[in-house]
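> Based on what follows, work out the 3D shape:
(chains A, B and C)
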Amino acid sequence: MPELPEVEMARRYLEGATLHQTIEMAEVRDERILFKVSARILEEALAGQQFFSALRHGKRLFLEVHDALWLALHLGLTGNLIYLESEAALPRHTRLLIAFENGRALAFDDPRIFGEVSLTKSPQTFLEERKIGPDAQQIDRDGFLRIMSGRKGLIKPALLNQSLVAGLGNLYADEALFQAGISPEARGLDEVQLDALFSSIQEVLWTALSTNADLEKLPDSYLLAHRHPGGRCPRDGSLLLREKIGGRTSYYCPEHQKKSC
DNA sequence: AGTACCACCTGACGGC
DNA sequence: TGCCGTCAGGTGGTAC
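Okay, here's the model as predicted:
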């Protein structure tokens, strides 16, 4: 379920659980999780090493192995990182297992295999190669306006485009648009709208993180608490619309989310 | 530059 | 109980 807040939780988890432990061995249990690296190369690169830090950019995670080698992780739709105490049963869909000399292990569980594991020289190199834009929580207002203004397409696909701004997914994009009062089908937003959208994005991400990315704990005033067929807008009671926009299911309020100013 | 598909996978859920 | 269609919070590629 990973968008920026969930991935940030995963980063903190990795940071708290997996640093500074010597890796006894890494085992790729399903090669389909790998991106442009072979199981053998990855396993050999990790054996005997330690992780020294955990970074996140957008939805990407990076574990530092040494100054010129990082393990890059992406959780996809169903990826989950689990630190195992010794003897614990492996999660059912463990695609990568990293066993430490202290008997603990890190499992990358991912039923649908939309996740990704690779190696890179540095996070910066990785982000450039993959054309990933600035992180949604690090970008400032001016940067956001610069990137988003003058675009002709629908706003929602733009928010989901990780090469523009990285970290928003389908749910939080809907939420930010809802709070800013902008239709997902709006296009050519003016400066005032983009400004409101930027504020909403920051507010939504901050709030999500403050609940430890637990969607259940979001305020009732949020769209996400009502984002299901038959749900009603917590602001004005309108029946929420559900529509495919840019190929993704979108919920929005026809009453207060406008297509134009 | 934008859009509209398709593909990659598996599991959960509702209807019959 | 079981089969079937549909849906899912991500990303990449290709064709127009």
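
> which other residues reach the lowest-mean-pLDDT helix or strand in chain A?
Least confident helix or strand of chain A, by mean pLDDT, DSSP states H and E, is strand A:241-245 with a mean of 89. Residues from elsewhere that reach strand A:241-245, judged by CB atoms under 8 Å, 6 or more residues apart in numbering: A:154, A:156, A:157, A:184, A:185, A:229, A:249, A:250, A:251, A:252, A:253, A:254. Bear in mind the C-beta positions are built from the backbone N, C-alpha and C, glycine included.

> Do stretch A:145-157 and DNA strand C come into contact?
No: contact check for stretch A:145-157 against DNA strand C, using CB under 7 Å from any atom of the strand: none in range, with a minimum separation of 9.6 Å.

> who touches that stretch?
For stretch A:145-157, the external contacting residues (CB under 8 Å, 6+ apart) are A:133-134, A:139, A:158, A:164-165, A:173-174, A:177, A:182-189, A:191, A:194-195, A:197-198, A:245-246, A:248, A:250.

> Could you rerun that using 6 Å?
With contacts defined as CB atoms under 6 Å, 6 or more residues apart in numbering, stretch A:145-157 is touched by A:158, A:164, A:173, A:184, A:185, A:186, A:187, A:194, A:245, A:246.

> Which residue is the nearest non-sequential neighbour of the fourth one?
Across the structure, with CB to CB, 6 or more residues apart in numbering as the measure, the residue nearest residue A:184 apart from its sequence neighbours is residue A:156 (3.7 Å).

> Please identify which helix or strand holds the one you found.
If you go by DSSP states H and E, residue A:156 is part of helix A:155-160.

> again, but for residue A:11
For residue A:11, the enclosing helix or strand under DSSP H and E is helix A:4-17.

> and the helix or strand just after that helix, how far from the chain's centre?
Remark: after helix A:4-17, the chain's next helix or strand is strand A:23-28, criterion DSSP H and E. The chain centroid and the centroid of strand A:23-28 are separated by 25 Å, computed with CA atoms, centre = their mean, to the nearest Å.

> do the same with stretch A:68-83
Going by CA atoms, centre = their mean, the spacing between the C-alpha centre of stretch A:68-83 and its chain's C-alpha centre is 11 Å.

> Please apply the same query to stretch A:32-50.
From the chain centre to the centre of stretch A:32-50 is a distance of 23 Å (CA atoms, centre = their mean).

> what do you get for stretch A:221-236?
Offset of stretch A:221-236 from its chain centre (CA atoms, centre = their mean): 23 Å.
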